[in-house]
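Participant: turn this into a structure:
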Amino acid sequence: MTPASVPRVLPFGFDAEAFGRNLRAHLGRWVIAYFVLVLAAILFKMDFALGLNSSESLPDRVFLIHKGELPARGQYVAFRWSGGGPYPAGVTFVKILAGVPGDTVTRIERDFFVNGEFVGTAKTQSRSGVPLEGGPTGALPPGRYYVRAPHPDSLDSRYRLTGWVAESQMIGRAYALF
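Facilitator: Sure thing, here's the model as predicted:
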């Protein structure tokens with residue numbers, strides 16, 4: 001062996017040349033993936049967030065939230081819980097936007113309607129036995145929204161505890177990932 005072909009082995013058996021070759025091969029294979037990850041991190045920092053649904057209120061569990069994008073009726077909306085009940089203030093909720101300013105919310109007994117379309121039935125008490133009061137009715141004023149979920153136990157605008165969600169509570173439109 002010539003001196004140039006002798007591998008440089010550092011203490012503890014570390015082969016610097018093999019490490020360099022492996023690192024270059026690894027980066028060659030994964031450079032695009034790393035670029036996409038860095039780009040995604042920048043985008044997420046600016047305009048996006050992830051939301052996790054830990055309840056049964058919606059069929060999906062993970063959401064991509066586009067901050068500042070106001071959803072249209074029927075789309076998912078992420079908002080900050082104002083506090084009260086079983087959740088502390090500031091928790092992120094994801095629901096379906098069912099009513100927008102100018103819409104009319106009515107109630108017949110425990111059934112709620114937005115512009116005459118059924119959106120859910122309010123229960124008299126929670127699963128844990130806590131009494132529940134029905135949410136507000138009438139015309140949604142500017143900056144207030146009616147949110148819902150299809151699950152009968154969803155804590156949404158059917159209940160006074162949630163009420164109508166203020167625009168200032170909204171984070172943005174949520175997209176179901178899975």
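Participant: please make it C-alpha for all contacts and neighbour counts, starting now.
Facilitator: Fine.
Participant: geometric centre of this protein: which residue is closest?
Facilitator: Geometric centre of the chain, nearest residue: G51, 2.8 Å, by CA atoms, centre = their mean.
Participant: who does that residue bridge with?
Facilitator: Beta-bridge partners for G51, by DSSP bridges, are F63.
Participant: before we move on, what about R107?
Facilitator: R107 has these beta-bridge partners by DSSP bridges: F112.
Participant: so it makes contact with G116?
Facilitator: No - the criterion here is CA atoms under 8 Å, and R107 misses it with G116 at 9.6 Å.
Participant: looking at those two, which one has more neighbours?
Facilitator: Neighbours were counted for R107 and for G116 using other CA atoms under 10 Å; R107 has more, 20 against 12.
Participant: strands along the chain, start to end?
Facilitator: 9-10, 14-15, 48-52, 62-67, 76-80, 92-99, 104-108, 111-114, 117-121, 138-139, 144-148, 165-166, 170-176 (DSSP state E).
Participant: now those strands as a markdown table including mean pLDDT?
Facilitator: Below are these laid out as a markdown table (pLDDT from 0 to 100):
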| stretch | mean pLDDT |
| --- | --- |
| strand 9-10 | 49 |
| strand 14-15 | 59 |
| strand 48-52 | 83 |
| strand 62-67 | 90 |
| strand 76-80 | 97 |
| strand 92-99 | 97 |
| strand 104-108 | 98 |
| strand 111-114 | 98 |
| strand 117-121 | 97 |
| strand 138-139 | 98 |
| strand 144-148 | 98 |
| strand 165-166 | 98 |
| strand 170-176 | 96 |
